[in-house]
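J.: Mind looking at a prediction? Sequence and model below.
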Amino acid sequence: MGKPDAGTPRERYRAQVREEIKKYAWEQIATAGASALSLNAIAKQIGMSGPALYRYFAGRDELITELVMDAYRSLADTFQAEAAAGAGLGELAQALRRWALDDPQRYLLVYGTPVPGYHAPEATTRITSQIMAVLLDAATAGRPSAAPADQPPAPADQPPAPADQPPAPADQPPAPPSPLETHLDEHRLWAGGHPAPALRRALAFWSRLHGVLSLELAGHFTGMGFDPARLYAAEAETVADG
């Protein structure tokens, strides 16, 4: 969450009230979902009139935008810190899961069911572009990634990988681009100068891992008897090695 900026006493007070409004908004979202967000209910909790609260947020959509921006900024900061530490796709995958599980309502606000009638402004796209830029850089670098620290250990009775497999020939020509890579190479408004194989890897990372996370956080694995962390780790490893 954002912190009040330094400024005049009036500016600091305004920033503090906005933070308090956002705190109660998150509580409402956790209880009833973002579509039920009510500024009048928040005003009652804070102890001010509805019209007084509208001096801090012009309406529901402006408040939702502030929450969405905070959520995306938090994930962008997380990814950028991981990248600065040399993270590859495997480490970014585990950072994404930790971020999601740390605050499921924050995750579901930006990656769950869209809020009816709400349309995010262009400013949110600029932040999501920063998140994707980190992912594309990691996908382009293709750094070998050690087993993520969060990945559960392999069962003790699992046989070791065969040691006598011959190495792949070093003089094989590169594989031709897939139809998807060709398509992505022709539609790269989001991709900058990253090569098409990196675009494919980044999209596979984003779609497959968000799919597992969304199902887990929505409770769709409940009662199935397996550990979602293992499924996520397996998908992350497949994407990182792809």
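T.: Arrived safely, thanks for sending.
J.: I would like the residues contacting stretch 109-127, please.
T.: 29, 34-35, 37, 60-61, 64-65, 67-69, 71-73, 75-76, 210, 213-214, 217-218 (C-beta atoms under 8 Å, 6 or more residues apart in numbering). From N, CA and C alone the C-beta is placed, and that goes for glycine too.
J.: On the three-state scheme, residue 173 is what?
T.: At residue 173 the chain is in coil, as set by DSSP: H, G, I helix; E, B strand; the rest coil.
J.: Pull the contacting residues for it.
T.: Residue 173 touches nothing, counting by C-beta under 8 Å, 6+ apart.
J.: Residue 175: neighbouring residues, count only.
T.: Residues lying near residue 175 (other C-beta atoms under 10 Å) number 8.
J.: picking that back up, mark which of the contacts of stretch 109-127 are buried, thanks.
T.: For the contacts of stretch 109-127, a neighbour count by 16 or more other C-beta atoms under 10 Å gives the buried set as 29, 34, 37, 60-61, 64-65, 67-69, 71-73, 75-76, 213-214, 217.
J.: quick one: which of these sit in helices?
T.: Within these, residues falling in helices by DSSP state H are 29, 60-61, 64-65, 67-69, 71-73, 75-76, 213-214, 217.
J.: Which member of these is positioned nearest residue 11?
T.: Nearest to residue 11 out of these is residue 69 (C-beta to C-beta; 18.9 Å).
J.: Give me the spatial nearest neighbour of the closest one, chain neighbours excluded.
T.: Of all residues not flanking residue 69 in the chain, residue 124 sits nearest, at 6.2 Å (C-beta to C-beta, 6 or more residues apart in numbering).
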